[in-house]
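Enquirer: here's my sequence, what's the structure:
(one chain, ligands or ions: 1)
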Amino acid sequence: MSHVFPRHTKANPPAAVSGDGCYIIDKSGKKYFDGSGGAAVSCLGHSDPDVIQAIKDQVDRIAFAHTGFFTTEPAEELADLLIEHAPGNLDRVYFVSGGSEAVEAALKLARQYFLEKGESSRHRVIARRQSYHGNTLGALATGGNQWRREPFSPLMIETSHISPCFEYRGRREDETAFEYGQRVANELETEIQRLGPENVMAFVAEPVVGATAGAVPPVEGYFKRVREICDRHGILLILDEVMCGMGRTGSLFACEQDGVAPDILCIAKGLGAGYQPIGAMLCTAEIYQAIETGSGFFQHGHTYIGHPTACAAALTVFRKLSGGLVDRVHPMGEKLDAALRDAFGQHPHVGDIRGRGLFRGIEIVEDRSGKTPFDPKRGINKALKKAAFEAGLICYPMGGTIDGVNGDHILLAPPFILEDQHVDEITGKLDQAFRAVF
Ligand code: PLP
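Expert: Numbers count the residues shown, from 1 in each chain. Below you'll find the predicted structure:
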């Protein structure tokens, strides 16, 4: 009888006992290819000797020192390195322990920034439907996934949600991809006008939407238009790269590929690559200066912010990513995309194959021509997850792709160290899962 409070009370997951490169091995000895890095976490695989050594070395020196008293070398070095590579005017790094904490910190910093500037009416957050920004209350209120929000809605801050930029589902036949992107970006302007620009604090978006929609990249020009609208109204652009950042889409920061830089950026997952729980919120010099010359401190904090062991692990991860590993992501991602199209491009229940780099989504439909989803009661995504797991493949299927209720997709986010034979292993095992379910 377990005393662990599990994610699902009816599930009985095997115990993971060891990691070996791209594989996780359970107690019975069964090996699973980690095709989703858990949830886009394990970008270096599971047994990176350098990261493991960095953690051991840091624990030998000092495992923890509270940021109310000390700074530490790994935190300082990691912040320097992140800022050296970060886009735009990002200049300061606030370390936290995960993605939701990064988003909470971003929301509170945005609010405090406007208070410091004397714009105290600015408090409203605009985000997009079908987004995911975390499970803590502020992050959950920001996210646009109905199913996750509903039970907790009485506890949440009031937020607005505009359309996502989801070409497969949203583009009309009479418009180009670019026109579609401009149309949905302009919904931001409409919502700002409705709320009154003086009340709006931030627009929050994932550059490539992850968990809730399945690796949905924006169309060309979308984020540039969003950036213009934010600037015109003095609204902060917060980009949530918790899932798509740290090289996952082929560039260290996902937004680089869209030619925009945010005012605040959130990262996690790939930053610690699963070796330590760590996230970060990066902000511009202007935002930091408003705090510095205003009240002098950010009214926030958690016990474990800037945790030295977590920072030491992330420092080694980031050195590897920026030292050449991310260069593999684009070519290997193209190989994975080609293999997926080859294997499933004509499958009667595959509606769309999409993504960037090693961040790929497969949208499942009942009928391809009408893009009709399966009845959610059939639990297609759950069945696919189970069948893939049985075949020895970890992937990340989810339901509610279209509107939080309808639609199914599979998310793939394998380690960046994967080799050509692993691409075949992914498609082969996915094929077994498809055959078992359909
Ligand atoms: N933001 C995005 C885009 C995410 O994908 C996630 C997690 O999946 C989060 C925030 C929350 O991160 P965490 O689960 O580490 O709190």
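Enquirer: Ile126 belongs to a strand?
Expert: Yes. Assignment of Ile126 by DSSP: H, G, I helix; E, B strand; the rest coil places it within a strand.
Enquirer: helix, strand, or coil at Met326?
Expert: For the record, residue 326 is Val, not Met. Quick answer, by three-state DSSP: Val326 is helix.
Enquirer: excluding chain neighbours, what is closest to it?
Expert: Excluding its sequence neighbours, the residue lying closest to Val326 (CB to CB, 6 or more residues apart in numbering) is Gly247, at 3.7 Å. The C-beta positions use only the backbone N, C-alpha and C, and glycine is treated the same way.
Enquirer: where does the one you found land on pLDDT?
Expert: Predicted confidence (pLDDT) for Gly247: 98.
Enquirer: and it, how many neighbours?
Expert: Gly247 sits with 27 neighbouring residues when counted by other CB atoms under 10 Å.
Enquirer: and it, what is it in contact with?
Expert: Cys43, Gly270, Leu321, Leu325, Val326, Val329, Gly357, Phe416 (CB atoms under 8 Å, 6 or more residues apart in numbering).
Enquirer: show me where the stretch 301-438 of the chain has helices.
Expert: Ranges of helices in the stretch 301-438 of the chain, per DSSP state H, counting those that start in this stretch, are 308-322, 329-344, 380-390, 420-437.
Enquirer: ok so, going back, next, the residue nearest to Val326: secondary structure please.
Expert: Quick answer, by three-state DSSP: Gly247 is coil.
Enquirer: do the same with Glu77
Expert: helix.
Enquirer: try Tyr288
Expert: With three-state DSSP as the criterion, Tyr288 was assigned helix.
Enquirer: and the contacts of Gly247 as TSV, adding pLDDT and neighbour count?
Expert: Putting those into TSV (pLDDT from 0 to 100; neighbours: other CB atoms under 10 Å) gives the following:
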residue	pLDDT	neighbour count
Cys43	98	28
Gly270	98	29
Leu321	98	25
Leu325	98	18
Val326	98	23
Val329	98	22
Gly357	98	28
Phe416	98	28
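Enquirer: which among the residues you listed are in contact with the ligand?
Expert: Counting by CB under 6 Å from any ligand atom, nothing from these sits close to the ligand.
Enquirer: on that earlier part again, mind putting the helices of the stretch 301-438 of the chain into a markdown table with distance to Ile162?
Expert: What follows is the helices of the stretch 301-438 of the chain, written out as a markdown table (distance: least, CB to CB, whole Å):
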| stretch | distance to Ile162 |
| --- | --- |
| helix 308-322 | 32 |
| helix 329-344 | 29 |
| helix 380-390 | 26 |
| helix 420-437 | 33 |
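Enquirer: pick the most deeply packed of the ones you listed.
Expert: When you average the neighbours per residue for each of these (mean count of other CB atoms under 10 Å), helix 308-322 leads with a mean of 25.
Enquirer: mind saving the C-alpha coords of that one as CSV?
Expert: Extracted C-alpha coordinates of helix 308-322, given in CSV (Å, rounded to 0.1, in the frame of the first residue of the first chain):
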residue,chain,number,x,y,z
PRO,A,308,22.9,26.6,-5.6
THR,A,309,22.7,22.9,-6.4
ALA,A,310,19.9,23.5,-8.9
CYS,A,311,21.9,26.4,-10.4
ALA,A,312,25.1,24.3,-10.6
ALA,A,313,23.2,21.6,-12.6
ALA,A,314,21.5,24.1,-14.9
LEU,A,315,24.9,25.9,-15.5
THR,A,316,26.3,22.7,-16.8
VAL,A,317,23.2,22.0,-18.8
PHE,A,318,23.2,25.4,-20.3
ARG,A,319,26.9,25.2,-21.2
LYS,A,320,26.2,22.0,-23.1
LEU,A,321,23.2,23.5,-24.9
SER,A,322,24.9,26.7,-25.9
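Enquirer: next, the angle from it to helix 329-344.
Expert: Put simply, helix 308-322 runs at 80 degrees to helix 329-344, going by axes from the mean of the first three to the mean of the last three CA atoms, to 10 degrees.
Enquirer: packing partners for helix 308-322?
Expert: helix 49-61, helix 73-85 (3 or more CB pairs under 8 Å, 6 or more residues apart in numbering; DSSP states H and E).
Enquirer: list the contacts of it.
Expert: Residues contacting helix 308-322 (CB under 8 Å, 6+ apart): 43-44, 48, 50-51, 53-55, 57-59, 62-65, 72, 74-75, 77-78, 81-82, 85, 95, 97, 246-247, 252, 270-273, 275-278, 304, 416.
Enquirer: what's the ChimeraX syntax to select whichever of these are buried?
Expert: To isolate the buried members of the contacts of helix 308-322 in ChimeraX, using 16 or more other CB atoms under 10 Å:
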select :43,44,48,51,54,55,58,72,74,75,78,81,82,95,97,246,247,252,270,271,272,273,275,276,277,278,304,416
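Enquirer: so the spatially closest residue to Glu116 that is not a sequence neighbour versus Asp375, what's the distance?
Expert: Excluding the flanking residues, the one nearest Glu116 by CB to CB, 6+ apart is Gly294, at 3.4 Å. Per CB to CB, to the nearest Å, Gly294 is found 54 Å from Asp375.
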